[in-house]
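> Show me how the following folds:
(one chain, ligands or ions: 2)
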Amino acid sequence: MLVLGIESSCDETAVALVRSGGHVLCSKIASQIDVHAVFGGVVPEVASREHLRAIQPIYAQAMQEAGVTIDEVDAIAVSQGPGLIGSLLVGVSFAKGLAVGQNKPLVPVDHVHAHIHGALLGLESDDVFPTVALVVSGGHTNLYFMEDAVTFKLLATSIDDACGECFDKVGKVLGLGYPGGPKIEAIAKEGVIGKVPMPKMVEQKDRMEFSYSGLKTHMINLLRKKTDYSQEDICAAFQEEALGQIIRKLTVALKNNPQAKSILIAGGVAANQRFRELTSKFKIPVHFPSLQYCSDNAAMIASMAHYQIKSAGLDAFRTTEWDSYSRYDFEAVL
Ligand code: KG4
Ligand code: ZN
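Ligands and ions are numbered 1, 2, ... in the order given. So this is what the prediction gives:
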């Protein structure tokens, strides 16, 4: 089965072609990071307009690079949310147009769930499930228990800021620009962990939620004060605590779900090398996506769609099943 994936939920326009769920023929990404960097964060209206400019050329390039024609595509998959509404509408409208015009099934894919498929690409399902899976991105810090590739039981989420959002906000106060995560990681490499005291989130035994607003406020207050701490040591301490919270919650999740065979970690923050080091303490295999599939991409969308089709059947996604005008009735079949 050959699936064409389309992603436009935030600031990346992406198109990919994936065969059999795990074989990526081509994954094209047009990033808008430079456009938004001057504003210090993503500007939704600007993002929608950039998607409009990028989507057709990126689609044409992806088809050419993969060496396939639209006739060979079995289904079209599109990121249907969550995300910026104006941005999502560009990808969804493009996908609907293609699906109607070419009479192809159209698979609506949950963007956050799809991140997990970035880590699953190329793995054998039998070795992975059941699994504890984490999406750590700019918008989400979600922990799931998964029996299979399409069943997501939410174990925990953030009650305030997402982990990546916290990296970005702290990066902004440090004057590092957007996105803060990779820049903080680079500076933290030169620092010494433990020189700058950090608050720990109060651990509540039965509660699994993440919280990043306390750490963010602490950092803002610390950076407003005059201290002798170096920027390197500040970044190292902050990064350790931001990631440490995830490691502590993962430890609890594994204790509560001892049947888990593996851990999957995906989303933009999964690109962090220190994060990867910290997970080496776990006794079961930990799978991260390759760097190109950590942040937003369309291979993860096409791959997830493959498993949705396997589970619900291709007929569930025939184009007569959905409303071709609005996004709002375009609900996941699963
Ligand atoms: O998954 P993603 O590209 O977009 C969302 O769906 O949110 O994640 C972007 C987030 C940003 O907050 C960015 O700062 C963070 O991932 N990020 C990192 C690193 N690379 C990206 N955070 C920490 N360390 C990194 N190396
Ligand atoms: Zn994302």
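> Residue 220 against residue 173, yeah?
Yes: using Cβ atoms under 8 Å, residue 220 is in contact with residue 173, at 5.5 Å. All C-beta spots, glycine's among them, are computed from the backbone N, C-alpha and C.
> show me what contacts the residue of the stretch 151-300 of the chain found nearest ligand 2?
Across the stretch 151-300 of the chain, the shortest distance to ligand 2 (Cβ to the ion) belongs to residue 296, at 4.4 Å. Going by Cβ atoms under 8 Å, 6 or more residues apart in numbering, residue 296 touches 7, 9, 10, 11, 12, 14, 29, 111, 268.
> Determine the three-state secondary structure at the residue nearest to the fifth one when sequence neighbours are not counted.
Closest residue to residue 12 in three dimensions, ignoring its sequence neighbours and counting by Cβ to Cβ, 6 or more residues apart in numbering: residue 296, at 4.1 Å. Assigned with DSSP: H, G, I helix; E, B strand; the rest coil, residue 296 falls in the coil class.
> Give me the phi and psi angles of residue 296.
Dihedral angles of residue 296 (phi, psi; degrees, to the nearest 10) stand at phi -60, psi 130.
> cool, and residue 282?
According to degrees, to the nearest 10, residue 282 has phi -80, psi 150.
> Would you map the strands across the protein?
Ranges of strands in the chain, per DSSP state E, are 2-7, 12-19, 23-31, 75-81, 106-110, 131-136, 141-146, 153-156, 262-266, 286-287.
> Present the ones you listed as JSON lines; the columns should include mean neighbour count.
Output for the strands of the chain, formatted as JSON lines (neighbours: other Cβ atoms under 10 Å):
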{"stretch": "strand 2-7", "mean neighbour count": "28"}
{"stretch": "strand 12-19", "mean neighbour count": "26"}
{"stretch": "strand 23-31", "mean neighbour count": "19"}
{"stretch": "strand 75-81", "mean neighbour count": "25"}
{"stretch": "strand 106-110", "mean neighbour count": "25"}
{"stretch": "strand 131-136", "mean neighbour count": "28"}
{"stretch": "strand 141-146", "mean neighbour count": "22"}
{"stretch": "strand 153-156", "mean neighbour count": "15"}
{"stretch": "strand 262-266", "mean neighbour count": "24"}
{"stretch": "strand 286-287", "mean neighbour count": "20"}
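> Just the helices from the stretch 151-300 of the chain, written as ranges.
Along the stretch 151-300 of the chain, the stretches classed as helices by DSSP state H, counting those that start in this stretch are 163-173, 180-188, 213-224, 231-256, 273-278, 299-312.
> average model confidence for the third one?
It refers to helix 213-224. With pLDDT averaged residue by residue, helix 213-224 scores 95.
> Equivalent analysis for the longest one, please.
Computed over helix 231-256, the mean pLDDT rounds to 96.
> ok now that helix, how far from the chain's centre?
Averaged C-alpha coordinates place helix 231-256 at 18 Å from its chain's average position (Cα atoms, centre = their mean, to the nearest Å).
> Next, the buried residues of it.
Within helix 231-256, the residues that qualify as buried are 231-243, 245-246, 249-250, 252-253, counting by 16 or more other Cβ atoms under 10 Å.
> Tell me the pLDDT of the residue nearest to residue 133 when sequence neighbours are not counted.
Excluding the flanking residues, the one nearest residue 133 by Cβ to Cβ, 6+ apart is residue 264, at 4.2 Å. In the prediction, the pLDDT value recorded for residue 264 is 98.
> The one 10 residues further on too?
Looking at residue 274, its pLDDT stands at 98.
> who's residue 107 bridged to?
residue 77 (DSSP bridges).
> pLDDT at it, what is it?
For residue 107, pLDDT reads 93.
> do the one 3 residues further on as well
At residue 110 the predicted local confidence, pLDDT, stands at 93.
> which residues does it contact?
Listed by Cβ under 8 Å, 6+ apart, the contact partners of residue 110 are 80, 81, 82, 304, 332.
> circling back to that earlier point, mind checking how far the residue nearest to residue 12 is from ligand 1?
Using Cβ to the nearest ligand atom, to the nearest Å, residue 296 is found at 5 Å from ligand 1.
> One more: residue 4?
Between residue 4 and ligand 1 the computed distance is 21 Å (Cβ to the nearest ligand atom).
> can you pull the contacts of that residue?
Residue 4 neighbours (Cβ under 8 Å, 6+ apart): 15, 16, 17, 62, 70, 73, 75, 76, 77, 98, 302.
> how close does the third one sit to ligand 2?
Shown here: residue 17 relative to ligand 2, a distance of 20 Å by Cβ to the ion, to the nearest Å.
> wait, that residue sits on residue 64?
No: judged on Cβ under 8 Å, residue 17 makes no contact with residue 64 at a distance of 10.7 Å.
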